[in-house]
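**Student:** predicted coordinates and the sequence they were generated for:
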Amino acid sequence: MSLVVMFSLAACGGSGSGGSSKAQSASEAGNFVQDTRPVQNVFFEVGGFAPFVMADADNRPSGFGIDLVTAIGDKQGFQVNFVPHPFVGMLEDLGNGADIAVSAISITDERKTIVDFTNSHFETSLGLIVPENSPITSLNDVKGRNIATVVGTVGESTLAKLQAGNGTVVQSPSMWEAVRKVMLKEADGAFADLGPLYYYSNKYKEQKLRVVSDNTLPKEHYALAVKKGNTELLNKLNRGLEQIKADGTYDKIYQKWFSTSQNKPNPAPAE
């Protein structure tokens, strides 16, 4: 790989150490009227999980999940203040600086013991991203390989089960870092949800990456996480989610972030 490509990979997808950033809703754009709506703080994964949550060098967030929460706030009468937080510990810290968390957060029984989840807003499953010429053709081929995945995710535990002690789980702090290891030939593949894998394979076509999926794997359902016991906020978010699905806002957000994917993940089924 040329030095130019290596430097470009090192520069992409990173996050700086800046403070929180207040998202401006579509209804506010283009005018200077002060927003007097109540503010709701929202943790977002500072390491990024494209295209659901991403951040620039100043920790200004963007992505499917960011637009989703902003749109729900517009419907339910609150503005959002996005607060950067590493994925590790993000759910446990709800109630300490923010009451909502957004990323590609899968609903699991274990997580239900520490947070409450909204209705699902996205359905996907797990897969691999590998170099185009890789001999890996199925998820069973992770055995004996060095496979990167994001620490603390469902993907990490599933990968460990698939390898069954035969292979190496290369822990990465973010989805971008996991995929970057594949690009730099530091890992044989990256194991994660299909949404970001298809996003990166399309965004970096020059890297000639290939996505390996398995329809027999259980589906993962993403949701917003809420501080445990905050039923009022949970109901408000669910009502907002229903509203943006009903009026077409959800579909517009989905097309914005997934319209270029050759193989799109499935949006959430109707609640």
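**Tutor:** Arrived safely.
**Student:** for this protein, which segments count as helices?
**Tutor:** 3-11, 64-76, 109-112, 154-163, 175-183, 194-203, 231-246, 249-258 (DSSP state H).
**Student:** packing partners for the longest one?
**Tutor:** Applying 3 or more CB pairs under 8 Å, 6 or more residues apart in numbering; DSSP states H and E, one finds that helix 231-246 makes contact with helix 64-76, strand 225-227, helix 249-258. The C-beta positions use only the backbone N, C-alpha and C, and glycine is treated the same way.
**Student:** adding distance to Asp58, mean neighbour count and mean pLDDT, write the helices of the chain out as a markdown table.
**Tutor:** Shown next, in a markdown table, are the helices of the chain (distance: least, CB to CB, whole Å; neighbours: other CB atoms under 10 Å; pLDDT from 0 to 100):
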| stretch | distance to Asp58 | mean neighbour count | mean pLDDT |
| --- | --- | --- | --- |
| helix 3-11 | 15 | 11 | 38 |
| helix 64-76 | 14 | 23 | 97 |
| helix 109-112 | 30 | 11 | 95 |
| helix 154-163 | 28 | 18 | 92 |
| helix 175-183 | 17 | 25 | 93 |
| helix 194-203 | 21 | 24 | 88 |
| helix 231-246 | 27 | 17 | 98 |
| helix 249-258 | 21 | 17 | 92 |
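**Student:** out of these, nearest to Pro38?
**Tutor:** helix 64-76 (9.6 Å; CB to CB).
**Student:** how far does that closest one sit from the chain's center?
**Tutor:** Computed by CA atoms, centre = their mean, to the nearest Å, the chain-centroid distance of helix 64-76 equals 15 Å.
**Student:** show me the contact partners of that helix.
**Tutor:** Helix 64-76 is contacted from outside by 23, 25-27, 37, 40, 42, 44, 51-53, 79-80, 82, 100, 102-104, 121-122, 224, 236-237, 239-241, 243-244, 249-250, 253-254, 256-258, using CB atoms under 8 Å, 6 or more residues apart in numbering.
**Student:** got the contact list for stretch 149-161?
**Tutor:** 47, 49, 87-88, 106, 108, 126, 142, 147, 169-175, 178, 190-193, 217, 220.
**Student:** quick one: contacts for Glu186?
**Tutor:** Glu186 makes contacts with 146, 148, 170, as judged by CB under 8 Å, 6+ apart.
**Student:** one more time with 10 Å
**Tutor:** Residues in contact with Glu186 (CB atoms under 10 Å, 6 or more residues apart in numbering) are 146, 148, 170, 172, 177, 180.
**Student:** just the pLDDT for it.
**Tutor:** Looking at Glu186, its pLDDT stands at 96.
**Student:** likewise Gln262?
**Tutor:** Confidence at Gln262, expressed as pLDDT, is 41.
**Student:** do the same with Ser103
**Tutor:** 91.
**Student:** quickly list what the spatially closest residue to it that is not a sequence neighbour is bridged to.
**Tutor:** Leaving aside its sequence neighbours, Ser103 sits nearest to Glu45 (CB to CB, 6 or more residues apart in numbering; 3.8 Å). Under DSSP bridges, the beta-bridge partners of Glu45 are His85.
**Student:** that'll do, ta.
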